[in-house]
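*Asks:* fold the stuff below for me.
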Amino acid sequence: MTPGEVGAALDAAWHTVTERLEQLVRIETPSFDAVASARIALALAEWFEPLATELRTVVTEAGTHLVIDVPGADDEAPLLLLGHSDTVWDHGTLTGEVPWSVDGDVVRGPGAFDMKSGLVTMLTALEILRDRPRRAVRILINCDEEVGSPTSQELVRSALDGVAGVIGFESPHPDGAFKVGRAGSTRLRLDVEGRAAHAALDPENGVSAIDELVDQLLVVRGVVVEASATVPVLCNVGTISGGARANVVPDAASAEIGLRFVDGESERHVLGALARLEPIRSGAVVRATILTSRPAWQAGAGDAELLEEVGRAASALGQSVSGRPAAGAGDTNLVGSLGVPTIDGFGPRGGGAHAVTEHLSLSSLRERIELLTAVLAR
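*Replies:* Numbering: from 1, shown residues only. You can find the predicted model right below:
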C-alpha cells in the first residue's frame, strides 16, 4: 500500500479506532481480576476473530490470555505482536481520579496509554490489510503483565516458536524512540524467623527477627555495592514489616526488595549471593524468595536489524525512528534475553503511565498504526 492509501484507509476507520479505545478503557481490568479479564478478552476476541485462522483463550487464575494467529505470506516466518490487557488501576478509577476524556489531541483514561492503545494499534493495522498481501503475525495478549506475568511467562515462551521477531506494544520513550534493550527486574522477599520472648523479663531467650532483618539488609547493600563497582545495580527496599509490641522480642520480619540489572552477569551474581544469605544470630532463619523476575535484555545484532527494518518502513511514510535501552521491565525482557530479534515501545507517545496524569497523543496513535501497517504490508 502507498502512504496515501494507508492514510485514506485510516481516515475511514478513525471513528472506529477511537470508539474501540474508549470501549477497552471503560472495561476496567486490574491485574488478577479474572471476571474483568474475561470481559475484555471477549471484546478483543470478537474483533480479532474475523482476521484469524486460530484464536485461543487460555484461562488461568489471573484471568484470560489470548493467542491469535493471523495468516499472511507463506514464505515468511510470522512476527509476534506482544501486548497485555491488565492495568494497574482499581475499579472505580474511571469515575474517580482518571476519567475518560478527549481534549483535542490528548486522550486520558486508566490504561489508555499503558497499553490499550497498543492493542487498538495491532487490530487496526491488520484490518486495513485484511484483503491485501501482508506478513503473517501471531498475537499474544496476556492479562498479568503488570504484576510480572506469573501465569503467562511459559505462554510467552511457547508463542516464540517459529517467529522471526517480536514487537512489543508498551509505550515508547517520551520522544517516541523504541525500547531496544531493557533492564532486568526482580522482586524479592526477605523473610526472617526469630524467637519471641518478653523484652524485659526474658530477652536473652528471644531472637529478634527485626534486628536480624536490619543486619541482613546491610549485607544486601554490601552485595549490591560490590556488584555496582562494575555495572550499576539498583536496589530499593520497598516495604518492611514485623513485630507486634514494643515489649515483645519479634519472632518474624520481612522486607520486599526491588532490584534492577543492566546485564545478566551482575543479575546472576547478586541473586546468587542473596540466595546464599546465612543468619547472623544463632536461632534465626533467613529465606530469600523471588516473587517475580524478568531477565536483563541487552540489545544485540538481531534487535538492531529488526529496528532497521521498521526504520525503512518509517522512511517511506516520512517518519523517523530510533531506539535505545529502557530502565523499565516488561514481557520483552524475556524474549529479548532469549536472543529473539525484538523491539518494544510500539505504542503511541504520551505520559503518566501508572499515574493519574496518564494520557496519550491521538496523532501519535495514528502514526503508530500507519507504521505497523507499513511494516506488515507485503
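*Asks:* phi and psi next, for the most far-flung residue of the chain relative to its centre.
*Replies:* Within the chain, the residue lying farthest from the chain centre (Cα atoms, centre = their mean) is residue 201, at 51.5 Å. Residue 201 adopts backbone torsions of phi -90, psi -30, taken as degrees, to the nearest 10.
*Asks:* same thing with residue 160?
*Replies:* Dihedral angles (degrees, to the nearest 10) for residue 160: phi -80, psi -10.
*Asks:* and it, how far is that from residue 80?
*Replies:* When distance is defined by Cβ to Cβ, to the nearest Å, residue 160 is 7 Å away from residue 80. For glycine as for every other residue, the C-beta is placed from the backbone atoms N, C-alpha and C.
*Asks:* now for those two: what residues contact both?
*Replies:* 166, 335 (Cβ atoms under 8 Å, 6 or more residues apart in numbering).
*Asks:* which of those two has more neighbours?
*Replies:* residue 80 (24 against 18; other Cβ atoms under 10 Å).
*Asks:* correct me, but the more buried one touches residue 159?
*Replies:* Yes. Between residue 80 and residue 159 there is a contact at 5.8 Å, judged by Cβ atoms under 8 Å.
*Asks:* overlap in contacts, those two.
*Replies:* Counting by Cβ under 8 Å, 6+ apart, the common neighbours of residue 80 and residue 159 are 138, 140.
*Asks:* how about the residue nearest to the spatial centre of the chain, what does it touch?
*Replies:* Nearest to the mean C-alpha position of the chain, by Cα atoms, centre = their mean, lies residue 330 at 3.0 Å. Residue 330 is in contact with 145, 168, 170, 182, 294, 344, counting by Cβ under 8 Å, 6+ apart.
*Asks:* and the third one, how many residues sit next to it?
*Replies:* Residue 170 is flanked by 26 other residues according to other Cβ under 10 Å.
*Asks:* what confidence value was assigned to it?
*Replies:* We have a pLDDT of 98 for residue 170.
*Asks:* list phi and psi for it.
*Replies:* phi -70, psi 170.
*Asks:* same check, this time on the last one
*Replies:* Comment: the main-chain dihedrals of residue 344 come out as phi -130, psi 170, following degrees, to the nearest 10.
*Asks:* please name the nearest non-neighbouring residue to it.
*Replies:* residue 168 (3.4 Å; Cβ to Cβ, 6 or more residues apart in numbering).
*Asks:* my read: the one you found touches residue 83, true?
*Replies:* Yes. Using Cβ under 8 Å, residue 168 is in contact with residue 83, at 7.5 Å.
*Asks:* show me where the stretch 101-250 of the chain has its strands.
*Replies:* Using DSSP state E, counting those that start in this stretch, the strands of the stretch 101-250 of the chain run over 101-103, 106-108, 137-142, 165-168, 178-182, 184-193, 197-198, 233-242, 248-249.
*Asks:* quick check: end-to-end length of stretch 316-334?
*Replies:* 31 Å (Cα to Cα, to the nearest Å).
*Asks:* over to stretch 146-161?
*Replies:* 24 Å.
*Asks:* Throw the strands of the stretch 101-250 of the chain into TSV and include mean neighbour count, thanks.
*Replies:* Below are those laid out as TSV (neighbours: other Cβ atoms under 10 Å):
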stretch	mean neighbour count
strand 101-103	11
strand 106-108	19
strand 137-142	25
strand 165-168	25
strand 178-182	26
strand 184-193	20
strand 197-198	15
strand 233-242	14
strand 248-249	19
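*Asks:* would you list those in TSV and tack on distance to residue 321?
*Replies:* Below are the strands of the stretch 101-250 of the chain laid out as TSV (distance: least, Cβ to Cβ, whole Å):
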stretch	distance to residue 321
strand 101-103	26
strand 106-108	22
strand 137-142	19
strand 165-168	12
strand 178-182	6
strand 184-193	25
strand 197-198	63
strand 233-242	28
strand 248-249	60
